[in-house]
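Peer 1: quick one: sequence and predicted model below, then my questions.
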Amino acid sequence: MKASKVRALQFRRFTRLNRTLHILMIISFISLALTGMTLKFSYTGWASALSRALGGFEGAGFIHRAAATVMFGLFVVHLWDLNRIRRKEYGGSLWKMLTGPDSMLFTKKDLTEFIGSLKWFVGAGPRPHYGRWTYWEKFDYFAVFWGIFVIGSTGLMLWFPVFFTRVLPGWLINVATIIHSDEALLATGFIFTVHFFNTHLRPEKFPMDLVVFTGRMPLVEFRRDKPAEYEGLVVAGKLEENLVWPYQRVVIRTFRVFAWTALALGTFLVLLIIYAMVFAYR
Ligand code: HEM
């Protein structure tokens, strides 16, 4: 292959399904956070104004439940996709999938890379030889798994209290409200600060990393970012089959507008929450 062609080609990091699920996750999460926070901070001026803009209590409640259904749906599709990958790429072995180099589970390598990163931050060592998933990407991934389990299950209890209290004591609905509300606050705070910072505000990615939208990244960037994965693909002779042409400019611009809108909405919501907690907390 010509050197100029190789330079123009990009590495395909995410499948179309991965990207679609992430976009739906962004839309549903922001909808859930905006509508949920208007309820949690209903005693503030901004929450009543936002609630009115979202169709009042009924409208906001409808958006909250509709977005929750989308989130449950994409979670199920993701589990289905994982099962498909297990059968197609790991000969049906869950063990091989969970212990392979592309596994999402934490390993000793993550601990070593975490310590290596701390050293690298202060100039006391080289940048770790990251593979397909870094420790902070794994952490973000499991935060969503945990969040969907905790926020989702308590949300279902608030949605269908009569059904759940057929078998469970009624006071559990109060407990579910507290857990749902506080875990939602934690999730919103985490996603719109730590996750945003880790993905977009790192010096290598600033001001915006579009890889989860386009699914592709320049080869030089891939080689620098995930050297262990790059070398593994070269040794296995599989790099070329993962190279694709970049998207047209108009497509990239559309993704950029979407990503900036999401970033702005999230940051704005965090500022409103901080304002409510500092000046109006009840
Ligand atoms: C994924 C499944 C979810 C379901 C089924 C669900 C369901 C619900 C329901 C039924 C309510 C009561 C609202 C009402 O009566 O109108 C509620 C409240 C709330 N939800 Fe969710 N929700 C989900 C996810 C989320 C997420 C991801 C967030 C934010 C990140 C969130 C934040 C909130 C907040 C802050 C409240 C108000 C709690 C309070 O009164 O303090 N929810 N949710």
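Peer 2: Nice, I can see it.
Peer 1: any chance you could map the strands in this protein?
Peer 2: 10-12, 216-218, 243-244 (DSSP state E).
Peer 1: report the distance from the second one to the chain centre.
Peer 2: Going by CA atoms, centre = their mean, to the nearest Å, the spacing between the C-alpha centre of strand 216-218 and its chain's C-alpha centre is 19 Å.
Peer 1: strands paired with it, and their directions?
Peer 2: strand 10-12 (antiparallel) (DSSP bridges).
Peer 1: for the stretch 151-282 of the chain, which residues are neighbours of the ligand?
Peer 2: Within the stretch 151-282 of the chain, the residues that sit near the ligand (CB under 6 Å from any ligand atom) are 151, 152, 155, 156, 158, 159, 177, 180, 181, 184, 187, 188. The way it works is simple: take the backbone N, C-alpha and C, and place the C-beta from them, glycine included.
Peer 1: from residue 209, how far out is residue 90?
Peer 2: Going from residue 90 to residue 209 by CB to CB, to the nearest Å gives 28 Å.
Peer 1: same question for residue 59.
Peer 2: Residue 59 is 34 Å from residue 209, by CB to CB.
Peer 1: now residue 42
Peer 2: Here residue 42 is placed at a distance of 35 Å from residue 209 (CB to CB).
Peer 1: swap in residue 152?
Peer 2: Separation of residue 152 from residue 209 (CB to CB): 27 Å.
Peer 1: tell me how far the biggest helix by length in the chain lies from the chain's centre.
Peer 2: The single longest helix within the chain, with elements called by DSSP state H, is helix 56-89. Relative to its chain's centre, helix 56-89 lies at 13 Å (CA atoms, centre = their mean).
Peer 1: could you do stretch 127-144 as well?
Peer 2: 12 Å.
Peer 1: contacts for that stretch next, please.
Peer 2: Taking contacts as CB atoms under 8 Å, 6 or more residues apart in numbering, the residues outside stretch 127-144 that touch it are 25, 101-106, 109-114, 116-117, 120, 187, 190, 195, 198, 225-229, 232.
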